[in-house]
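Trainee: The following comprises the amino acid sequence and a computationally predicted model.
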Amino acid sequence: MARGQKRDGDGERGGAGISPEDIADHNSRVVLALLRRHGALTRQELAGHLSLTEPAITGILKRLIAAGVVEQGQRDVGDRYKAAEFSLVAGSVHGLGLWLRPDVVDLALVDLKGHLVLQQTVPSDRLADTVATIRDRCAESLSGIGIACHPGVDATEIERMPTLSNLASFVVKDVEAVVTAERILGIGEPEGGFAVILVDEIVRAGLMTGGRFFRGVHGRAGGIGSMRPGREELTLDEVASAAAYQRHVETFGEDFAEDWMRRAASRLLDAVLALGGFVSPGAVLIGGSLPDAVLDTVIAMMIAERERKGTYFVPASWIPPIRKLTFAQCGVARGAALLPFMELALPKTR
């Protein structure tokens with residue numbers, strides 16, 4: 001699809017400037033992104049989006065049609081006139097995403113339009129056979145694989161699987177994968193960026209700001225599960241994780257689940273306040289492995305508390321809006337499946 005970038009030993013592109021090939025590669029990526037976002041577009045519409053001439057757009061489209069990722073159709077624009085329009089060939093390219101969790105792996109197969117083709121959860125010891133089946137099914141259309149790692153899970157062994165040979169792979173933290181899903185298929189890029197909070201065995205966060213995922217100086221940003229309001233207080237992991245919820249229900253029963261939800265909501269809102277006070281993201285999105293009804297209630301309690309603070313806390317305007325992740329349960333694997341497209345077909349983040 002898109003041309004590979006030559007890089008020097010430090011990971012930077014070689015050369016002092018931007019070559020015509022770089023420009024052509026970037027324009028092709030932008031056209032694919034526009035067609036994915038808006039659906040079928042005419043030459044005139046693409047020219048307007050890119051501020052390029054129609055002959056230049058024609059050249060880009062010819063390359064993409066020859067690559068088999070774009071097709072031409074017709075649009076009725078009057079009683080006697082039809083305009084050529086261009087759209088993605090969805091099944092021409094697929095990305096496979098894996099979410100490596102402690103005991104199981106979530107898989108998602110996504111096409112170039114971002115549509116979910118397949119979603120599955122398998123035990124770790126069945127992963128190789130499942131990936132082999134998907135590779136046989138997709139034949140030549142599988143462009144690459146994205147691997148999202150739960151904290152503490154190593155992707156090294158997975159990368160060495162024979163079924164992944166000759167397949168481009170991209171490894172990230174699971175919070176980065178879910179941020180990718182939201183940026184491409186969900187909330188987009190609101191002013192100020194956005195943050196996500198994943199709640200499962202532990203609580204962790206990811207931040208998209210300036211169009212890029214923030215990893216921190218040593219790549220450890222987002223470890224909010226260790227936060228505690230005082231030396232004698234429990235950590236956020238111990239209070240608000242899905243594991244903490246399960247322990248609470250097993251000890252006290254579901255009739256007392258609301259007590260846990262209220263406490264979890266209060267502590268999660270503390271984390272949101274700390275985040276908002278420094279970077280003021282445009283939104284905070286929460287998801288993970290909590291039951292849907294529990295997650296919905298926790299978020300509703302956080303929103304209510306946010307509004308209550310607004311009645312007396314003067315700077316409350318910078319407390320970011322809070323809502324559920326677009327893909328609360330399957331966003332990680334889906335975001336991982338988009339990673340090959342980010343590298344090979346869509347515009348690079350700067």
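Mentor: Everything's here; your move.

Trainee: Not counting sequence-adjacent ones, nearest residue to residue 27?
Mentor: residue 60 (5.4 Å; CB to CB, 6 or more residues apart in numbering). All C-beta atoms are positioned from the backbone trio N, CA, C, and that covers glycine.

Trainee: meant to ask about residue 340, not that
Mentor: Once flanking residues are discounted, residue 340 sits nearest to residue 144: 3.0 Å by CB to CB, 6+ apart.

Trainee: tell me which element the one you found falls in.
Mentor: Secondary structure from DSSP states H and E places residue 144 in strand 142-149.

Trainee: quick one: the following helix or strand past that strand to chain centroid distance?
Mentor: Next along the chain after strand 142-149, taking DSSP H and E as the criterion, comes helix 156-159. The chain centroid and the centroid of helix 156-159 are separated by 21 Å under CA atoms, centre = their mean, to the nearest Å.

Trainee: Tell me the first helix or strand C-terminal of helix 156-159.
Mentor: strand 169-173.

Trainee: Other residues contacting that following strand?
Mentor: 144-149, 151, 155, 159, 180, 206, 222, 336, 339-340, 342-343 (CB atoms under 8 Å, 6 or more residues apart in numbering).

Trainee: try 6 Å this time
Mentor: Residues outside strand 169-173 that contact it (CB atoms under 6 Å, 6 or more residues apart in numbering) are 145, 146, 147, 148, 155, 159, 339.

Trainee: and what of stretch 223-239?
Mentor: Stretch 223-239 has contacts (CB under 6 Å, 6+ apart) with 202, 203, 204, 205, 244, 267, 271.

Trainee: ok, now stretch 108-116?
Mentor: Residues outside stretch 108-116 that contact it (CB under 6 Å, 6+ apart) are 36, 88, 90, 93-97, 117-119, 185, 333-334, 337.

Trainee: what's the closest of those residues to residue 132?
Mentor: residue 96 (11.6 Å; CB to CB).

Trainee: if I've got this straight, that closest one is in a strand?
Mentor: Yes - using DSSP: H, G, I helix; E, B strand; the rest coil, the assignment for residue 96 is a strand.

Trainee: For residue 114, see how far away it is.
Mentor: Using CB to CB, to the nearest Å, one gets 14 Å for the distance from residue 96 to residue 114.

Trainee: More neighbours: which of those two?
Mentor: residue 96 (28 against 18; other CB atoms under 10 Å).

Trainee: so what's the closest residue to that one other than its chain neighbours bridging to?
Mentor: Leaving aside its sequence neighbours, residue 96 sits nearest to residue 145 (CB to CB, 6+ apart; 4.6 Å). Beta-bridge pairing of residue 145 under DSSP bridges involves residue 96, residue 169.

Trainee: and residue 145, how many residues sit next to it?
Mentor: Going by other CB under 10 Å, the residues that sit close to residue 145 add up to 26.

Trainee: Enumerate every residue touching it.
Mentor: Here residue 145 is in contact with 96, 167, 169 (CB under 6 Å, 6+ apart).

Trainee: Would you mind measuring from it to residue 269?
Mentor: 37 Å.

Trainee: Over to residue 337?
Mentor: In this view, residue 337 and residue 269 are 32 Å apart by CB to CB.
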